[in-house]
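**Student:** Fold the following for me, if possible:
(2 chains)
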2 protein chains.
Amino acid sequence: MNEVIKTLTNHRSIRSYTNEPVTDEQLDAIIQAVQAAPSSINGQQVTVICVKDPAKKKKIAELVGNQLWVDQAPVFLLFCADFYRAKIAAELNGEELVITDSIESVIVGASDVGIAMGNAIAAAESMGLGIVPIGGARRNPQELIELLDIPEYVFPVAGLVVGHPADPSALKPRLPREAVYHQEKYNRDLRGLIEQYDEQMSKYMSERTGGQETRNWSQTVSAFYKQIYYPKVRPMLDRQGFKYE
Amino acid sequence: MNEVIKTLTNHRSIRSYTNEPVTDEQLDAIIQAVQAAPSSINGQQVTVICVKDPAKKKKIAELVGNQLWVDQAPVFLLFCADFYRAKIAAELNGEELVITDSIESVIVGASDVGIAMGNAIAAAESMGLGIVPIGGARRNPQELIELLDIPEYVFPVAGLVVGHPADPSALKPRLPREAVYHQEKYNRDLRGLIEQYDEQMSKYMSERTGGQETRNWSQTVSAFYKQIYYPKVRPMLDRQGFKYE
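**Tutor:** Below you'll find the model as predicted:
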């Protein structure tokens, strides 16, 4: 196993940080990795906003759902899907920007952000830094947009906390490979594999919490997904100029 | 610069492959990296379908817009956003699956796929393999769904061609860092940076094509984005059970 695959497969999310700063050189390397990622039509529809200001970071920690580690770690990177530059490109060429009328742009933006974020995570972890992605950037997205002066045709996808781990974190088990990796066609026979993983996750949670918490995977997922847990996303997208043709 | 950052920043898309196969060990390492990626609420909403069958691969090459390299390379990995397992999780717990009523699920699915695909690309390239992402998976998505028997609550985000590069490819210049990386707040003053990049890209294209092609970045992007170039995405999402609240 080479160093790259070792780093990728050793990922764990960190929710406790020391106050050691992240250096400019480290941030540079992370952003180099972000920019090197491929993007749809080379549109480069990813923007990263770096927040280090303690007051701003404290505010963001609240907005994303009182996630203390956002406040605690030295750096918060907000990853946005960005068609504002495409809008400028259209203006420079006397064209209209039409792609944002379609849900296609939401998929392109979010998946490009994902690829870039995957690179950022690998780069950070390769330097011994810890990270945790913050989906809570979609909890109060309009407030985040105002706080960071984000223009139309741009929307926050997720944040990334970056810092030095205070505690190592355990490697979380994943679904059995056969549940997510299919040969030649989709295999719908998944219930048994999910039940098998449920048992494993229940044991893992119990061990980590001294028996306090024994919820398995399907319980956790179904509890989250029986509702729209970030209902402000759609109104925010509307305001940012996106449509859903 | 460590090995990981070296691999990430050395990415280039490959559109010409030898017929040397990708080994099971290499695919294993790629899927390990995919599964190790973090995901929203640990929902693991990513599915990869591996296609090696030549006839199927030939068909896919057509469906994605006659991209010959899909046919030529030994492996095509289709990356899907997957809430079918969440649907099973809901059934196992007597809950309803509601998240797919919201555009939130499209963002979560697409960005999780992106993170996983970023890992797959880094893993493949670290082993000397070449890749090219195939956004054309959204050109005729319904046909792809039927060909690979993809169930409801799952949608194709992008493909990934994997193989051995026949030709090295050039490193494509990126937008100036200040155009995509902002400090403390979004900087809307981007026009000059885009014009600067336009000049650089025009020169790069001209050099690569012996003067045949001189289109700059904003010309290319505005030509793509003056239309909805994959208009079948929305009807496909409707059929797969997604809504946009």
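
**Student:** Smallest gap between chain A and chain B, at which residue?
**Tutor:** As assessed by CB to the nearest CB, chain B sits closest to residue A:114 within chain A, at 1.7 Å. For glycine as for every other residue, the C-beta is placed from the backbone atoms N, C-alpha and C.

**Student:** pLDDT score for that residue?
**Tutor:** Looking at residue A:114, its pLDDT reads 98.

**Student:** again, but for the one 4 residues further on
**Tutor:** With respect to pLDDT, residue A:118 scores 98.

**Student:** residue ranges for the helices of chain A, please.
**Tutor:** Using DSSP state H, the helices of chain A run over A:3-9, A:24-36, A:54-63, A:68-72, A:84-92, A:103-126, A:141-147, A:177-180, A:191-208, A:217-225, A:233-240.

**Student:** right, so these: which one is the most enclosed?
**Tutor:** Highest mean neighbour count among the helices of chain A (mean count of other CB atoms under 10 Å in any protein chain shown): helix A:103-126, with a mean of 28.

**Student:** Pop out the phi and psi values for the residue in chain A sticking out farthest from the centre.
**Tutor:** Using CA atoms, centre = their mean, the residue of chain A lying farthest from its centre is residue A:94. It sits 34.5 Å away. Here is the backbone geometry of residue A:94 (degrees, to the nearest 10): phi 60, psi 30.

**Student:** correct me, but residue A:32 touches residue B:9?
**Tutor:** Yes: using CB atoms under 8 Å, residue A:32 makes contact with residue B:9 at a distance of 5.2 Å.

**Student:** I'd like to know how far residue A:90 sits from residue A:110.
**Tutor:** 21 Å (CB to CB, to the nearest Å).

**Student:** again, but for residue A:74
**Tutor:** Separation of residue A:74 from residue A:110 (CB to CB): 27 Å.

**Student:** In contact with residue A:39, which residues are there?
**Tutor:** A:45, A:46, A:112, A:115, A:116 (CB atoms under 8 Å, 6 or more residues apart in numbering or on different chains).

**Student:** Local confidence estimate at the residue farthest from the centre of chain A?
**Tutor:** Listed pLDDT for residue A:94 reads 98.

**Student:** Please apply the same query to residue A:167.
**Tutor:** So residue A:167 comes in at 87 (pLDDT).

**Student:** Ok, residue A:142 next?
**Tutor:** Residue A:142 carries a pLDDT value of 98.

**Student:** Let me see the contact set for the residue lying closest to it once chain neighbours are set aside.
**Tutor:** Closest residue in space to residue A:142, ignoring its immediate chain neighbours: residue A:236 at 5.1 Å, by CB to CB, 6 or more residues apart in numbering or on different chains. The contact partners of residue A:236, by CB under 8 Å, 6+ apart, come to A:141, A:142, A:145, A:155.

**Student:** sorry, back to before: between the helices of chain A, which one is closest to residue B:65.
**Tutor:** Ranking those by proximity to residue B:65 (CB to CB) places helix A:103-126 first, at 14.3 Å.

**Student:** where does that closest one sit relative to the chain's centre, distance-wise?
**Tutor:** Remark: helix A:103-126 is offset 8 Å from the chain centroid, using CA atoms, centre = their mean, to the nearest Å.

**Student:** Would you mind getting the angle between that helix and helix B:103-126?
**Tutor:** Angle of helix A:103-126 versus helix B:103-126, following axes from the mean of the first three to the mean of the last three CA atoms, to 10 degrees, is 50 degrees.

**Student:** Quickly list the domain ranges of chain A.
**Tutor:** A:3-171, A:177-208 (automatic domain parsing).

**Student:** Using JSON lines, lay out these together with distance to residue B:173.
**Tutor:** Putting the domains of chain A into JSON lines (distance: least, CB to CB, whole Å) gives the following:
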{"stretch": "domain A:3-171", "distance to residue B:173": "10"}
{"stretch": "domain A:177-208", "distance to residue B:173": "35"}
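
**Student:** Which one, of those domains, ends up nearest to residue B:131?
**Tutor:** Among the domains of chain A, the nearest to residue B:131 by CB to CB is domain A:3-171 (8.3 Å).

**Student:** Who does the top strand by length along chain A pair with, and is each partner parallel or antiparallel?
**Tutor:** Counting by DSSP state E, the longest strand found in chain A is strand A:154-163. Sheet pairing for strand A:154-163, assigned by DSSP bridges, gives strand A:75-82 (antiparallel), strand A:130-134 (antiparallel).

**Student:** Make CSV out of those strands and add distance to residue A:208 and mean neighbour count.
**Tutor:** Below are those laid out as CSV (distance: least, CB to CB, whole Å; neighbours: other CB atoms under 10 Å in any protein chain shown):
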stretch, distance to residue A:208, mean neighbour count
strand A:75-82, 26, 26
strand A:130-134, 16, 24
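
**Student:** will you turn those into a markdown table that also has mean pLDDT?
**Tutor:** Below are those laid out as a markdown table (pLDDT from 0 to 100):
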| stretch | mean pLDDT |
| --- | --- |
| strand A:75-82 | 98 |
| strand A:130-134 | 98 |
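
**Student:** what about chain A, any weak spots by pLDDT?
**Tutor:** For chain A, no stretch is flagged by pLDDT under 70.

**Student:** hang on, residue A:164 packs against residue A:130?
**Tutor:** Yes: assessed by CB under 8 Å, residue A:164 is found in contact with residue A:130 at 6.6 Å.

**Student:** if I look at these two, which residues touch both of them?
**Tutor:** Common neighbours of residue A:164 and residue A:130 (criterion: CB under 8 Å, 6+ apart): residue A:17.

**Student:** Is it correct that residue A:201 is in contact with residue A:173?
**Tutor:** Yes: the criterion here is CB under 8 Å, and residue A:201 meets it with residue A:173 at 6.4 Å.

**Student:** Residue B:237 versus residue A:21, what's the distance?
**Tutor:** Applying CB to CB to residue A:21 and residue B:237 gives a distance of 43 Å.

**Student:** try residue A:120
**Tutor:** Taking CB to CB as the measure, residue A:120 falls 28 Å from residue B:237.

**Student:** again, but for residue A:163
**Tutor:** Distance, residue A:163 to residue B:237, by CB to CB: 37 Å.

**Student:** now do residue A:38
**Tutor:** From residue A:38 to residue B:237 the distance is 23 Å (CB to CB).

**Student:** What of residue A:161?
**Tutor:** 31 Å.

**Student:** what does residue A:49 give?
**Tutor:** From residue A:49 across to residue B:237, the span is 29 Å (CB to CB).
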